[in-house]
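1. mind looking at a prediction? Sequence and model below.
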Amino acid sequence: MKLVDDAELLRAVADFCAQFARVALQLDDAHLSQAFALVRALAPHCRGCALFVLGDSAHSPCCADEVAALHAGAQAIVHVGPTCLSTPSSLPILIVTAEPSPPPLGESAVDLSALPPDVSRVLCDPQSHRLCAHLIATRLPQLEPPPAPPAVLLPGGALRPPPLASSEEETVLFVGRPGPRVDEIALTRRVFLFDADALALREYTAATSRSLARRLFLVEKAKAARIVGIVVGTLSTAGFAAAADRLRALVLQAGLKPYVLLMGKLSAAKLGNFPHVDAFALVACPLAQTTASRDFPRPLLTAFELEVALSQRPFLPRAPGAFDFAALLDEPLPPPPDEPVYSLYDGALHSRARGQKQLALAYSSPAADALALGSFRGLDADAPVEAAAARPGRGGVAAKLVGIEGGEVR
């Protein structure tokens, strides 16, 4: 999609920029090549506003890079591309999803026969709202389309829309792409996914989702952690500092050692610099949680998943907040388990009461006991031993040693 060919988009961006003296344009990789043409098209309508382009974001591209914009003295940001709708910390943000025109969705092009008649709600991601509205208007007029995403995000607003209430009997149609958004919804309700790329309908359940099975495994693996790294992956999303403090208090409550790390775009090489950390928890927007994969050397959890591993919070059926730390900030910190927790990963019992040691399932070994009772402890510089002249020791092979006096030792 060429941005300069959309007259409505250019008019909305120009009206927004006219309210400020300096505005930063943040474009994702798919639209970055159009930056020069976009600035040239906006220049005649923004004569009192200085425009500059942010070539790359320090964190996830779905979040506005407020730090880079503030370094250049920007008063607002125009964000072009996929967005997580995270509330900004300090600057107003104009959201431009740049969604292309929806394709034909006739009966010959799209098969919706698998959709049950008891669908009660339709949801979509911000990048698929036009497709969702077109699908409902042409094929599903009995359903109500979801509200349009906000065009402008202002600091101090709600962190994100309130999560859906748990309802296992509800059937939902989700229009968009597989990812954390639909994963969280599928935890507590039946979901049918209309893929925005494949233009195909299929049932999407938690039982068949590999990503959810992977996350449950990472939670079990994190139960055996002794050192937990709290990775702050955003400086723009409101509430990130409070979320990091909450996780640090949770780790200390469990009797573990927390490390707080600030990173830009995550990679296995960056996390590999901390081999002594047993598990990481990522404080970032919901869309950035998709970075958890097999490529990372240690488990990379969300804030909610870390609370499941280190406290009494259950993973199911508690779906709201599973991928979004903002849903946890208004809740009290969950208490640690009253009894030691068994980890399926290492087969050990782990106590989460602060000040208590870990309990491991071990067995007695005569060889290990004999080694522990041995008198030799290696060189000790602090041992009270008087200096003495060196003298010859034993020599020869193990079957026939020669002692100090030159005789055989048997």
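-> In hand now; what should we look at?

2. CA atoms for contacts and neighbours, from now on please.
-> OK.

3. for stretch 195-211, what is the average pLDDT?
-> Mean pLDDT, taken over the full extent of stretch 195-211, equals 77.

4. right, I mislabeled it, should have said stretch 237-246
-> Here the average pLDDT along stretch 237-246 is 89.

5. could you do stretch 8-23 as well?
-> 91.

6. just stretch 253-262 next, same as before
-> pLDDT averaged over stretch 253-262 gives 90.

7. and it, C-alpha only, in PDB?
-> Extracted C-alpha coordinates of stretch 253-262, given in PDB (Å, rounded to 0.1, in the frame of the first residue of the first chain):
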ATOM      1  CA  GLN A 253       9.100 -12.900  48.100                       C
ATOM      2  CA  ALA A 254       9.900 -16.300  46.700                       C
ATOM      3  CA  GLY A 255      13.400 -16.200  48.200                       C
ATOM      4  CA  LEU A 256      15.100 -15.900  44.800                       C
ATOM      5  CA  LYS A 257      17.600 -13.300  43.400                       C
ATOM      6  CA  PRO A 258      16.300 -10.800  40.900                       C
ATOM      7  CA  TYR A 259      18.300  -9.100  38.100                       C
ATOM      8  CA  VAL A 260      16.700  -6.100  36.400                       C
ATOM      9  CA  LEU A 261      18.000  -5.700  32.800                       C
ATOM     10  CA  LEU A 262      17.100  -3.000  30.200                       C
END
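
8. which positions within it qualify as buried?
-> 253-256, 258, 260 (16 or more other Cα atoms under 10 Å).

9. so which of the residues you listed sit within strands?
-> Using DSSP state E, the subset of the buried residues of stretch 253-262 located in strands is 258, 260.

10. wait, which of the buried residues of stretch 253-262 is closest to Gly393?
-> Leu256 (47.9 Å; Cα to Cα).

11. contacting residues for that closest one?
-> 225-228, 354 (Cα atoms under 8 Å, 6 or more residues apart in numbering).

12. now these in a markdown table, with secondary structure and pLDDT?
-> Converted to a markdown table, the contacts of Leu256 look like this (DSSP: H, G, I helix; E, B strand; the rest coil; pLDDT from 0 to 100):
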| residue | secondary structure | pLDDT |
| --- | --- | --- |
| Ala225 | coil | 88 |
| Arg226 | coil | 88 |
| Ile227 | strand | 92 |
| Val228 | strand | 94 |
| Arg354 | coil | 52 |
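
13. and which of these is nearest to Phe174?
-> Nearest member of the contacts of Leu256 to Phe174, counting by Cα to Cα, is Val228, at 34.9 Å.

14. got a list of what the closest residue to Thr83 other than its chain neighbours touches?
-> Spatial nearest neighbour of Thr83, chain neighbours left out: Cys62 (4.3 Å); criterion: Cα to Cα, 6 or more residues apart in numbering. Contacts of Cys62 were listed using Cα under 8 Å, 6+ apart, and they are 81-84, 287-288.

15. from the residues you listed, which land in helices?
-> Members of these lying in helices (criterion: DSSP state H): none.

16. please parse this structure into its domains.
-> 3-96, 119-148+158-208, 211-350 (automatic domain parsing).

17. distance to Ala390 added to the ones you listed, as CSV?
-> Below are the domains of the chain laid out as CSV (distance: least, Cα to Cα, whole Å):
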stretch, distance to Ala390
domain 3-96, 63
domain 119-148+158-208, 70
domain 211-350, 41
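
18. quick one: mean pLDDT over stretch 173-186.
-> pLDDT averaged over stretch 173-186 gives 83.

19. out of the domains of the chain, flag the one nearest Gly395.
-> So among the domains of the chain, domain 211-350 is nearest, using Cα to Cα, at 41.8 Å.

20. could you give the separation of the closest one from the chain centroid?
-> In terms of Cα atoms, centre = their mean, to the nearest Å, the centre of domain 211-350 is found 9 Å from the chain centre.

21. how about the strands in the stretch 101-250 of the chain?
-> Secondary structure of the stretch 101-250 of the chain (DSSP state E, counting those that start in this stretch): strands at 119-124, 152-153, 171-176, 190-195, 200-204, 227-232.

22. of the contacts of Cys62 - the most surrounded one?
-> Of the contacts of Cys62, Ala288 is surrounded by the most neighbours, 24 neighbours in total, counting by other Cα atoms under 10 Å.

23. before we move on, the earlier item: phi, psi of the residue nearest to Thr83?
-> phi -80, psi -10 (degrees, to the nearest 10).

24. and the furthest pair within the contacts of Cys62?
-> Gly81 and Ala288 (14.4 Å).

25. my read: Leu9 touches Leu3, true?
-> Yes - Leu9 is within contact range of Leu3, at 7.4 Å (criterion: Cα atoms under 8 Å).

26. now the end-to-end length of stretch 182-198.
-> Using Cα to Cα, to the nearest Å, the gap from the first to the last residue of stretch 182-198 comes to 16 Å.

27. quick check: buried residues in it?
-> Quick answer for stretch 182-198 (16+ other Cα under 10 Å): 182-196.

28. list only buried entries from the contacts of Leu256.
-> 225-228.
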